[in-house]
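**Student:** predicted model and sequence follow; I will ask about them next.
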Amino acid sequence: DSGVTQTPKHLITATGQRVTLRCSPRSGDLSVYWYQQSLDQGLQFLIQYYNGEERAKGNILERFSAQQFPDLHSELNLSSLELGDSALYFCASSAIEGRGYNEQFFGPGTRLTVL
Amino acid sequence: KNQVEQSPQSLIILEGKNCTLQCNYTVSPFSNLRWYKQDTGRGPVSLTIMTFSENTKSNGRYTATLDADTKQSSLHITASQLSDSASYICVVSARASKIIFGSGTRLSIRP
């Protein structure tokens, strides 16, 4: 158990809908990262937050957005869903700022299925 | 262009045998290199992390090597077990907070 929690575990929805994925980082970790992993694909970095502020952006679509709240939990919002958005979405956390210098601890993921 | 390439893409070995996974990178300036193990449908778990000055690091039956001159790393698994069946991901970090994931090697251990 990494200490990072994600909810829900599974999510099934229809095209055009909007969903929200939630992540609680390890106790004390200030950085949160979101990743997308499509079937049999590698991890794709989406976005990073540090202590409530956006720090880095990766391959995140305009239909997707995220935020980190004062209690440090984070939410990833996916809107106008398409079939291709079906994937595992992972959240990771690390102790301090800087993706390159800190070990990231990954949550169990949310499996999103868009029908 | 910063890239991380892993080989082989997939590998099947018999239980008890050893194997070596490769990672070549072109990331610059180099900061550190990590190997992660990812069981199917689960989040990656860190196995080792190496900085520029480290050549070898072990974690139980897992031994990672790093040659910063040739920009190559390997992950050697000794006396494989069925539970080693997973994807192994090489992740290279550059300074200025850039992090690049390899596409992984899918390892299957057969009894």
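**Tutor:** Nice, thanks for sending it over. Numbering: from 1, shown residues only, chains lettered A, B, ... in the order given.
**Student:** what bridges to the spatially most central residue of chain A?
**Tutor:** Among the residues of chain A, the smallest C-alpha distance to the mean C-alpha position (Cα atoms, centre = their mean) belongs to residue A:34, namely 3.0 Å. Beta-bridge partners of residue A:34, counted by DSSP bridges, are residue A:47, residue A:91.
**Student:** let me see the contact set for it.
**Tutor:** With contacts taken as Cβ atoms under 8 Å, 6 or more residues apart in numbering or on different chains, residue A:34 has the following neighbours: A:23, A:45-48, A:60, A:66, A:74, A:76, A:89-91. No exception for glycine: its C-beta is placed from N, CA and C like everyone else's.
**Student:** pick the one among those residues closest to chain B.
**Tutor:** Among these, residue A:90 lies closest to chain B (Cβ to the nearest Cβ), at 5.4 Å.
**Student:** my read: the closest one touches residue A:111, true?
**Tutor:** No - using Cβ atoms under 8 Å, residue A:90 and residue A:111 do not qualify as a contacting pair, with a distance of 10.4 Å.
**Student:** which regions of chain B sit below the pLDDT cut-off?
**Tutor:** Counting by pLDDT under 70, chain B shows low-confidence ranges at B:95-97.
**Student:** try 90
**Tutor:** Counting by pLDDT under 90, chain B contains low-confidence ranges at B:1-3, B:27-32, B:40-42, B:49, B:51-54, B:93-101.
**Student:** do chain A as well
**Tutor:** Across chain A, the stretches falling below the confidence threshold (pLDDT under 90) are A:1-2, A:28, A:39-45, A:55-59, A:94-104.
**Student:** chain B contacts on that one?
**Tutor:** Neighbours of chain B within chain A, by Cβ under 8 Å from any Cβ of the partner chain: A:2, A:4, A:41-45, A:55-56, A:88, A:90, A:92, A:97-101, A:103-109, A:111.
**Student:** contacting residues for residue A:52?
**Tutor:** Residue A:52 is in contact with A:68-70, A:72, counting by Cβ under 8 Å, 6+ apart.
**Student:** so for residue A:90 and residue A:111, which sits in the more crowded spot?
**Tutor:** Residue environment comparison for residue A:90 versus residue A:111 gives the larger neighbour count to residue A:90, 27 against 16, counting by other Cβ atoms under 10 Å in any protein chain shown.
**Student:** get me the contact residues on chain B for chain A.
**Tutor:** When proximity is defined by Cβ under 8 Å from any Cβ, chain B lies next to chain A at B:31-32, B:34, B:41-46, B:49, B:89, B:93-99, B:101-104.
**Student:** just the buried ones from those residues?
**Tutor:** Applying a neighbour-count criterion of 16 or more other Cβ atoms under 10 Å in any protein chain shown, the buried members of the residues of chain B next to chain A are B:31-32, B:34, B:42-44, B:46, B:49, B:89, B:93-94, B:97-99, B:101-104.
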